[in-house]
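**Q** structure, please.
(one chain, ligands or ions: 1)
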Amino acid sequence: MDKTSQNKNLHDAKRAKKDEFYTQLADIEAELKHYTHHFKDKVVHCNCDDPRVSNFFHYFSYRFEPLGLKKLITTCYKNQNLDLFSQNDAEKAIYLEYSGTEREGGVPKVADIGIKRLKGDGDFRSAECIDLLKQADIVVTNPPFSLFREYVAQLIAYQKKFIIIGSLNAITYKEIFKLIKESKIWMGYGFNGGNAYFKTPNVRDFAEGVYNKETGLVKFRNVGWFTNLDHSKRHEKLILYKKLHARRIPKIR
Ligand SMILES: C[S@@+](CC[C@H](N)C(=O)[O-])C[C@H]1O[C@@H](n2cnc3c(N)ncnc32)[C@H](O)[C@@H]1O
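**A** From the prediction side, this is the model:
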């Protein structure tokens, strides 16, 4: 391997380590209950998810029948080791395709569905992952925060519907702000009390209070759901407490 590739690998590994936050099932359930009518006969893709540990995989595989899904595809980045956290320590990654169980009411196990190997590292931008993305109707995941701009750009380029988690700082990114202004993307319902708690293997990176030793969770205060699927909160009437007269509109200087 030449020096440039070595440096790139090192950089990718450092970046990927910072992106290891795992979404809790309760948070996925709390948000996705507002979109259940969108999923009938749809192909769902979770493209930053190791099916052996991802709660997005668990959510959609357990609810495959009630949601009326057509297919569930999950792909993971690099890791091939079955342990609680993806450590991005193998160059090749795996994926899984599930089209429903023959046993009515049965809950599928990853081993029964069967894991397949990807040729590459499972990067969502790779050609083979894009081929899987093309099959999808709706993408649902918590993607790497550090690649959020690129991640959203790809979803828009391939005209995918999505429900994804991202930092609220992303609203101020010029590419994301433009999409919000054009009503191509909007916020979902959000996390309880605006606080999101994730599992992370990088516990040493966080101060006490941010990382809770007892629960094993790290707290984020500025994280939300971004989507381009319609939901009823978007249509709630804004109750204004007084009328604004033209002459009272503050001037922007
Ligand atoms: C914030 S974590 C969320 C993991 C999982 N989606 C969840 O919600 O529990 C983002 C995940 O994206 C993976 N990842 C990092 N870079 C990636 C890339 N280029 N392509 C695909 N996945 C990537 C990381 O390994 C990490 O597991």
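
**Q** check which helices and strands the longest strand seen in the chain sits against.
**A** If you go by DSSP state E, the chain has its longest strand at strand 161-167. If you count contacts as 3 or more CB pairs under 8 Å, 6 or more residues apart in numbering; DSSP states H and E, strand 161-167 packs onto strand 138-141, helix 148-157, strand 223-227. The way it works is simple: take the backbone N, C-alpha and C, and place the C-beta from them, glycine included.

**Q** send the alpha carbons of the shortest one over as CSV?
**A** When you say that, I think you mean strand 138-141. Coordinates of each C-alpha in strand 138-141 appear next as CSV, following Å, rounded to 0.1, in the frame of the first residue of the first chain:
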residue,chain,number,x,y,z
ILE,A,138,-37.0,4.7,1.8
VAL,A,139,-33.7,5.1,3.6
VAL,A,140,-33.8,5.1,7.4
THR,A,141,-30.7,5.3,9.6
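
**Q** so who does Lys71 touch?
**A** 43-44, 97-99, 135 (CB atoms under 8 Å, 6 or more residues apart in numbering).

**Q** let's see that with 6 Å instead.
**A** Residues in contact with Lys71 (CB atoms under 6 Å, 6 or more residues apart in numbering) are 43, 99.

**Q** same check on Arg248?
**A** Arg248 neighbours (CB under 6 Å, 6+ apart): none.

**Q** from the opening residue of stretch 56-75 to its closing one, how far?
**A** One end of stretch 56-75 sits 11 Å from the other (CA to CA, to the nearest Å).

**Q** hmm, I typed the wrong one, I wanted stretch 109-118.
**A** Criterion CA to CA; first-to-last residue distance in stretch 109-118 is 20 Å.

**Q** contacts for it, please.
**A** Applying CB under 6 Å, 6+ apart, the external contacts of stretch 109-118 come out as 51-52, 93-96, 98, 128.

**Q** that older thread, give the buried residues for the helix or strand immediately after the longest strand of the chain in the chain.
**A** Heading C-terminal from strand 161-167, the first helix or strand you meet, by DSSP states H and E, is helix 174-181. Neighbour-count burial for helix 174-181 flags 176, 179 (criterion: 16 or more other CB atoms under 10 Å).

**Q** do the same with stretch 209-229
**A** 211, 217-218, 220, 223-229.

**Q** among those residues, which has the minimum pLDDT value?
**A** Minimum pLDDT across the buried residues of stretch 209-229 is recorded for Tyr211, with 83.

**Q** quick check, that residue in contact with Val203.
**A** Yes: using CB atoms under 6 Å, Tyr211 is in contact with Val203, at 5.5 Å.

**Q** for the helices and strands packed on strand 161-167, which one sits closest to the ligand?
**A** Checking the helices and strands packed on strand 161-167 against the ligand by CB to the nearest ligand atom gives strand 138-141 as the closest, at 4.6 Å.

**Q** any chance you could map the helices in the chain?
**A** 3-18, 25-32, 55-62, 64-67, 110-113, 127-135, 148-157, 174-181 (DSSP state H).

**Q** please identify the deepest-packed of those helices.
**A** helix 55-62 (a mean of 21; mean count of other CB atoms under 10 Å).
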